[in-house]
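[1] build me a model:
(chains A and B)
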Amino acid sequence: MDDISSEDILLEEDESEMMHLTPAQLVDRMQETWINEIRAPEILPYKYEYVECLLEHINSMEENIETLQTASLVKVVHQLEIDRFRYIIASYLRTRLEKIELHVFHILKEEDTRIEKNELPYLSDGELQFAQEYKNSIEQHFQSVLSFWPGMPPDDWKNNPVVPNLDSFVFLKSKENVEGVIIDDSDENDIVDLKEGSQVILSYSKIADLLKNDKVSLL
Amino acid sequence: MLGEKAYSLVKELEDRQCEILPYNTDLVTEIATEIVHLYDQNHQDVRLEDSRTPGTSTNLMPTVRMRHAAIQRNQRCLLAYHYNRLRLLRQMRWEFGSILPTELKENLSAAENGWFNKYSTILGKYMRSIGENGGLNLAVDLKPPKALFIEVRCLVDYGKLELNDGTNVLLKKNSQHFLPRSECEELIRRGILQHIAN
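    Numbers count the residues shown, from 1 in each chain, chains lettered A, B, ... in the order given. Model prediction:
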């Protein structure tokens, strides 16, 4: 139970931090989140705050440029900026959807374990609903394909879901000094220290926790 | 030979990866028949085996196992065929939107058509749930925006296009225009406009 309360506090800190973020910092964070999501083999926790804030920011920018003259250069520049922000968000959410579709059985199972352990979910409400309905639609389709089966149609195909390859290698940049990252599970002496700003290639599974705790970012 | 039909079914996927071929009803039915046939034979043999007193000479178990492996393989091929077609359909949903061109629609089975509509619905529902004011269309902005306006050539006689700011543009065949990217992206994907890169 201790875990939850510390998680909760972390979240609250995040939220209060959000108040102080300038739009430029917000965009930087969103960009980092987006690149992490593209590069990571598995789905990462959904960054609800960034997406919502940036969408809000886009809306207010759109309202502001409404008041400008059509031909003004300022308007063109701002419009392009809005388009870029929107692209980042759309691409971020699309990447997540693709992962959800590809690994739907695995992701939903993981999500269930997280709920059981009272951990924070990785998917947003909308994504969770999408995932469940997508899974149902696939199951239904397969059942209709196998409906000719004498007796009960088999469902042993569910036993081997497609899972992300967590051992794939990723390029990463350390955001702060991290000591003692274990590279080889069988050999505890085989460790590496990451200096702030250093760039390395490592197996994703070894740094997944560091990534989720915002200690490193992917490139 | 056992499993041969299933093999050719999966092979069909490979032939043309980006285009959806007509649903192969005949082959799917034949594979289904093969499975049912093997299943029945196994059923009989197992019953025979059970009624036999232990220690008698003929043993049917290897045959039964062999047939079972063939059934498993056929099933796997069937599902692979159908799953990969769904992935293609999903690709098409992103490319063409929720309404498919009729010539592609004819290539789908009834169940696939149903799945496509269901996928469209849940995707639409998800996109509407993003953010607080009415959602975000993820099917646009597929490429990073470089410039606000792009030069396009019109490939067909399309007629009038009304832009967001209210101006009308007449899209005639072979005419060239300088238009906001966000508004012609869909038309480019539908093959009505062509982006002229300089």
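
[2] CA atoms for contacts and neighbours, from now on please.
    OK.

[3] name the helices or strands packed onto the helix or strand where A:V74 lies?
    Following DSSP states H and E, one finds A:V74 within helix A:73-102. Secondary-structure packing of helix A:73-102 (3 or more Cα pairs under 8 Å, 6 or more residues apart in numbering or on different chains; DSSP states H and E): helix A:23-39, helix A:48-66, helix A:125-145.

[4] so which bits of chain A are right by chain B?
    Residues of chain A that fall close to chain B, judged by Cα under 8 Å from any Cα of the partner chain: A:51-52, A:55, A:76, A:79-80, A:83-84, A:86-87, A:90-91, A:93-94, A:126-127, A:129-130, A:133-134, A:137, A:141-142, A:144-145, A:148-150, A:157.

[5] pull out the buried positions in stretch A:42-57.
    A:E42, A:I43, A:L44, A:Y46, A:Y50, A:V51, A:C53, A:L54, A:L55, A:H57 (16 or more other Cα atoms under 10 Å in any protein chain shown).

[6] ok so the first one is a helix residue?
    This means A:E42. No. The assignment for A:E42 (DSSP: H, G, I helix; E, B strand; the rest coil) gives coil, which keeps it out of a helix.

[7] leaving out chain neighbours, which residue sits closest to it?
    A:P164 (5.7 Å; Cα to Cα, 6 or more residues apart in numbering or on different chains).

[8] can you pull out the strands in chain B?
    Using DSSP state E, the strands of chain B run over B:149-154, B:159-162, B:168-171, B:176-180, B:193-195.

[9] residues near B:A139, how many?
    Using other Cα atoms under 10 Å in any protein chain shown, B:A139 has 17 neighbouring residues.

[10] would you mind measuring from the most centrally placed residue in chain B to chain A?
    Of all residues in chain B, the one closest to the mean position by Cα atoms, centre = their mean is B:L89, 2.4 Å from it. Distance, B:L89 to chain A, by Cα to the nearest Cα, to the nearest Å: 12 Å.

[11] list phi and psi for A:S203.
    Taking degrees, to the nearest 10, you get phi -70, psi 140 for the backbone angles of A:S203.

[12] just list whatever residues bridge to it.
    For A:S203, the beta-bridge partners are A:F169 (DSSP bridges).

[13] closest to chain B out of the buried residues of stretch A:42-57?
    Nearest to chain B among the buried residues of stretch A:42-57: A:L55, at 6.8 Å, using Cα to the nearest Cα.

[14] which one is the residue located most distally from the centre of chain A nearest to, not counting chain neighbours?
    The centre of chain A is farthest from one residue, A:P150, which by Cα atoms, centre = their mean lies 42.8 Å away. Excluding the flanking residues, the one nearest A:P150 by Cα to Cα, 6+ apart is B:V36, at 6.4 Å.

[15] what pLDDT does that neighbour get?
    Looking at B:V36, its pLDDT stands at 91.

[16] I'd guessed it sits against A:W149; true?
    Yes. Counting by Cα atoms under 8 Å, B:V36 does reach A:W149; the two are 6.7 Å apart.

[17] follow-up on the earlier one: got the angle between the next helix or strand after the helix holding A:V74 and helix A:73-102?
    Later in the chain than helix A:73-102, the nearest helix or strand by DSSP H and E is helix A:104-116. For helix A:104-116 against helix A:73-102, the angle by axes from the mean of the first three to the mean of the last three Cα atoms, to 10 degrees is 90 degrees.

[18] closest to A:D214 among the buried residues of stretch A:42-57?
    Within the buried residues of stretch A:42-57, the smallest distance to A:D214 is 11.5 Å, found for A:L44 (Cα to Cα).

[19] count the residues that sit near residue 160.
    In the absence of a named chain, chain A is used. For A:N160, the count of nearby residues is 9 (other Cα under 10 Å).

[20] you looked at the wrong chain, it should be chain B
    Neighbours around B:K160, by other Cα under 10 Å: 11.

[21] please work out how many residues are found near the closest residue to it other than its chain neighbours.
    Closest residue to B:K160 apart from its sequence neighbours, by Cα to Cα, 6+ apart: B:L170 at 4.5 Å. B:L170: 14 surrounding residues under other Cα under 10 Å.

[22] now B:L170: how far from chain A?
    21 Å.

[23] quick check: that residue touching B:D157?
    No. Counting by Cα under 8 Å, B:L170 stays clear of B:D157, with 9.0 Å between them.

[24] show me the contacts for B:L86.
    When contacts are counted by Cα atoms under 8 Å, 6 or more residues apart in numbering or on different chains, B:L86 touches B:E112.

[25] if we can go back for a sec, okay, the buried residues of stretch A:42-57 in a markdown table with distance to B:T29 next?
    Below are the buried residues of stretch A:42-57 laid out as a markdown table (distance: Cα to Cα, whole Å):
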| residue | distance to B:T29 |
| --- | --- |
| A:E42 | 37 |
| A:I43 | 38 |
| A:L44 | 42 |
| A:Y46 | 43 |
| A:Y50 | 51 |
| A:V51 | 48 |
| A:C53 | 53 |
| A:L54 | 52 |
| A:L55 | 50 |
| A:H57 | 55 |
